[in-house]
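Asker: sequence first, then the predicted structure:
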Amino acid sequence: FVLFLPAVLLLVSPLPVCEAAHEFTVYRMQQYELQGQGYGTRNAVLNTEARTVEADVLSRRCVLMRLLDFSYEKYQDALRQSAGAVVILLPPNMSTMPQDVVRVNRSERSQQNAVRSLPQFMAIEPEMLLMETVVPVYFAVEDDELISIYEQTRKASASQGSASAAEVLIHTATANGFQMVTSGGQSKAVTDWMVTSIEGRLAGLGSEEIPTIVLVAHYDSFGVAPWLSYGADSNGSGVSILLELARLFSRLYTYKRTHAGYNLLFFASGGGKFNYQGTKRWLEDNLDHTDSSLLQDNVAFVLCLDTLGQGDTLHLHVSKPPKEGTLQHSFLKELEMVVASQFPEVTFSMVHKKINLAEDLLAWEHERFAIRRLPAFTISHLENPKESLRNSIMDDRSRVNISVLTRNTRIIAEALTRVIYNLTGKGAPENLQIFTEQMKIQQDQLDSVMHWLTSQPRAAQLVDKDSTFFNTLEYYMSRYLKDVKLHHVKADKRDPEFVFYDQLKQTMNAYRVKPAVFDLLLALCIAAYLGVAYLAVQNFGLLYKTVQRFSIRPKQQ
């Protein structure tokens, strides 16, 4: 019993619970289909040993990467080697903290590296999504335990390529490894998912034939991981301005003296990041499937609000330049005049881009309206629709300058008001400031709306039709608008325009394990120990005499 007890204890003695496993939340890369084309990662199940990119062999291993050290080349190399999974570790509080302070108590050099890594990662997010892969790709927010796991794994991975075979064998046998395991199952398509949009209106003063101005902003966010997509500038800024314009014009339309002869239709669209599916179906319902709609009558123009939270530039994107004498041309001129006379620090321009129907995705939301021959344009501080900011998990609250957002709200409100009330034609001065004193833009309210929008991910796959997000949005719009109602879009069952998948957020466990070589060496050591013990018992008499002979001889001397 005494001989076998040490071997048994060596085999069954466990690691302390706090050291044996670490549980943390992971967020899976996008997985969806759009017009039959798949994007993102197709798998969700993970149960494999961890490595870092320093290891020579990554096949069937979970590759850990920190954002500070991330590069697209390393990511592609892991996929080429058929890695079992990729887990990218993000700085903590990334969605709320400024970019120059990504993590507390980090060295100055590391902070500088982090600042460089953020825009670099933002630029390659679209490339990661375009390359559909079977490798599960997850994101996790760093904590002390995860950093410790990463550093231990990195040291073990680096030692394999720079040491001799004997050193690698010894290190492999003695080092700790980590088995990464997800708690959820394989991802499945979500059937009957609804994309929700919401509309409200302010009726103009006059007959039913009066023109209608449509104000639009899509509310959903997008990034490489849906649960990390907060969409501050794109397009929380557009929704914030839309709601502030609803508040301002509701006050003007309350009084008969300032009740204008234009219908104002406000539309917060869903599925904007998925080729504007909510807008597409809304237009079909209003133009093809009903006999009574403001969109069927006299639409003056449609103004789409997109990414307006930073910068000193404003661009009016059009698919067809407006003709002189039209109301959309008047709005263009009023914008130019307001900017030139009241905000000289802002650079304004019109950007003309024809609709390319050969492309899979439309560039801007106004193109959905232009396809249906409705005069429309998009106003944005971005000149290029393919700017990475529009589809990035890095688009957090720090990306929006609330002063700039307030200024852009005022520019749009002033230009709209001058068009609706024909102030220029009535001889109003160019530098007339309309929204001042009691009618001024409420910066605090804009800030509160931005805080509410960026406090939750708004990816189209996550915002359910019964979510509190729509309850709050509907309540807010109902305070200022009439006939507020929700529109639901469901993909066609035979030929779905979009398909979403589940398992986007899971719990992952990192179990501390020893490699198989360690088990082999441990078995050999135990076998040798038991073999020596067996021989000692079988030849105990001979062993006793030998020990006795050597012990008596020194006494005689």
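Answerer: On my side now, so go ahead. What you are looking at is a predicted structure, and each value in this text was computed from that prediction instead of being measured. Numbering: from 1, shown residues only.
Asker: can you pull the pLDDT of residue 330?
Answerer: Note on residue 330: pLDDT of 96.
Asker: can you list the low-confidence ranges for this protein?
Answerer: 1-20, 94-119, 159-176, 515-519, 521, 553-557 (pLDDT under 70).
Asker: quick check: closest non-adjacent residue to the residue sitting nearest the centre point of it.
Answerer: Most central in the chain under Cα atoms, centre = their mean is residue 229, positioned 2.4 Å from the mean C-alpha point. Leaving out its chain neighbours, the residue that sits closest to residue 229 by Cβ to Cβ, 6 or more residues apart in numbering is residue 223, at 3.7 Å. The way it works is simple: take the backbone N, C-alpha and C, and place the C-beta from them, glycine included.
Asker: wasn't the one you found part of a strand?
Answerer: No: looking at residue 223 with DSSP: H, G, I helix; E, B strand; the rest coil, it is coil, so not inside a strand.
Asker: what number of residues lie near it?
Answerer: Counted with other Cβ atoms under 10 Å, residues neighbouring residue 223 total 27.
Asker: which parts of the stretch 101-250 of the chain are helices?
Answerer: Counting by DSSP state H, counting those that start in this stretch, the segments of the stretch 101-250 of the chain that form helices are 108-130, 144-162, 165-174, 237-252.
Asker: name whatever forms a beta bridge with residue 178.
Answerer: Going by DSSP bridges, residue 178 is paired in beta bridges with residue 512.
Asker: returning to what we had before: does the residue nearest to the centre of the chain touch residue 139 like I think?
Answerer: No: Residue 229 is not in contact with residue 139 according to Cβ atoms under 8 Å; the separation is 10.9 Å.
Asker: ok, the closest residue to residue 497 other than its chain neighbours to residue 36 distance?
Answerer: Using Cβ to Cβ, 6+ apart and skipping residues adjacent in sequence, the residue nearest residue 497 is residue 491, 5.5 Å away. Separation of residue 491 from residue 36 (Cβ to Cβ, to the nearest Å) stands at 11 Å.
Asker: what residues does the residue nearest to residue 229 make contact with?
Answerer: 30, 125, 229, 231, 391-395, 459 (Cβ atoms under 8 Å, 6 or more residues apart in numbering).
Asker: how about 10 Å then?
Answerer: The contact partners of residue 223, by Cβ atoms under 10 Å, 6 or more residues apart in numbering, come to 27, 29-30, 122, 125, 129, 139, 229-231, 234, 273, 390-395, 457, 459.
Asker: number of residues surrounding the residue nearest to residue 497?
Answerer: 21.
Asker: quick one: contacts for it?
Answerer: 33, 190-195, 271, 277, 281, 497-500.
Asker: list just the nearest of those to residue 509.
Answerer: Taking Cβ to Cβ as the measure, residue 509 lies nearest residue 190 of these, at 25.4 Å.
Asker: and that closest one, how far is that from residue 350?
Answerer: 41 Å.
Asker: do the same with residue 493
Answerer: Applying Cβ to Cβ, the value for residue 493 to residue 350 is 42 Å.
Asker: ok, now residue 282?
Answerer: 26 Å.
Asker: before we move on, what about residue 185?
Answerer: If you go by Cβ to Cβ, the gap between residue 185 and residue 350 works out to 51 Å.
Asker: higher neighbour count, those two?
Answerer: The neighbour comparison of residue 185 against residue 350 (other Cβ under 10 Å) goes to residue 350, with 14 against 11.
Asker: for that one, what are its contacts?
Answerer: By Cβ under 10 Å, 6+ apart, the contact list for residue 350 reads 315-318, 321-322, 332, 335-336, 377.
Asker: and those residues as a markdown table, adding secondary structure and neighbour count?
Answerer: Shown next, in a markdown table, are those (DSSP: H, G, I helix; E, B strand; the rest coil; neighbours: other Cβ atoms under 10 Å):
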| residue | secondary structure | neighbour count |
| --- | --- | --- |
| 315 | strand | 20 |
| 316 | strand | 21 |
| 317 | strand | 24 |
| 318 | strand | 22 |
| 321 | coil | 12 |
| 322 | coil | 19 |
| 332 | helix | 22 |
| 335 | helix | 22 |
| 336 | helix | 15 |
| 377 | strand | 28 |
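Asker: as CSV, those residues with distance to residue 288 would be great.
Answerer: Listed next are the contacts of residue 350 as CSV, based on distance: Cβ to Cβ, whole Å:
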residue, distance to residue 288
315, 32
316, 29
317, 26
318, 25
321, 28
322, 26
332, 30
335, 32
336, 36
377, 23
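Asker: from these, which single one is nearest residue 356?
Answerer: residue 317 (13.5 Å).
Asker: neighbours of the residue lying closest to that closest one once chain neighbours are set aside, how many?
Answerer: Using Cβ to Cβ, 6+ apart and skipping residues adjacent in sequence, the residue nearest residue 317 is residue 378, 4.4 Å away. Residue 378 has 27 neighbours, counted by other Cβ under 10 Å.
Asker: mind exporting whatever helix or strand residue 378 lives in as CSV, just the C-alpha atoms?
Answerer: Element membership of residue 378 [criterion: DSSP states H and E] is strand 376-380. What follows is strand 376-380, C-alpha atoms only, in CSV (Å, rounded to 0.1, in the frame of the first residue of the first chain):
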residue,chain,number,x,y,z
ALA,A,376,-33.4,61.7,-53.3
PHE,A,377,-30.0,62.4,-51.9
THR,A,378,-27.8,61.5,-48.9
ILE,A,379,-26.0,64.0,-46.8
SER,A,380,-22.8,62.8,-45.0
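Asker: for the stretch 401-550 of the chain, which segments count as helices?
Answerer: For the stretch 401-550 of the chain, the helices defined by DSSP H, counting those that start in this stretch occupy 402-420, 443-453, 468-480, 516-538, 540-556.
Asker: before we move on, back to that, can you report phi and psi for the residue nearest to the centre of the chain?
Answerer: The phi and psi values for residue 229, taken as degrees, to the nearest 10, are phi -100, psi 110.
Asker: from residue 48, how far off is it?
Answerer: Applying Cβ to Cβ to residue 229 and residue 48 gives a distance of 27 Å.
Asker: now swap in residue 372 and tell me
Answerer: 50 Å.
Asker: cool, residue 464 as well?
Answerer: In this view, residue 464 and residue 48 are 33 Å apart by Cβ to Cβ.
Asker: swap in residue 324?
Answerer: Residue 324 is 65 Å from residue 48, by Cβ to Cβ.
Asker: name the element the residue nearest to residue 296 when sequence neighbours are not counted belongs to?
Answerer: Closest residue in space to residue 296, ignoring its immediate chain neighbours: residue 287 at 6.2 Å, by Cβ to Cβ, 6+ apart. Taking DSSP H and E as the definition, residue 287 sits inside helix 277-288.
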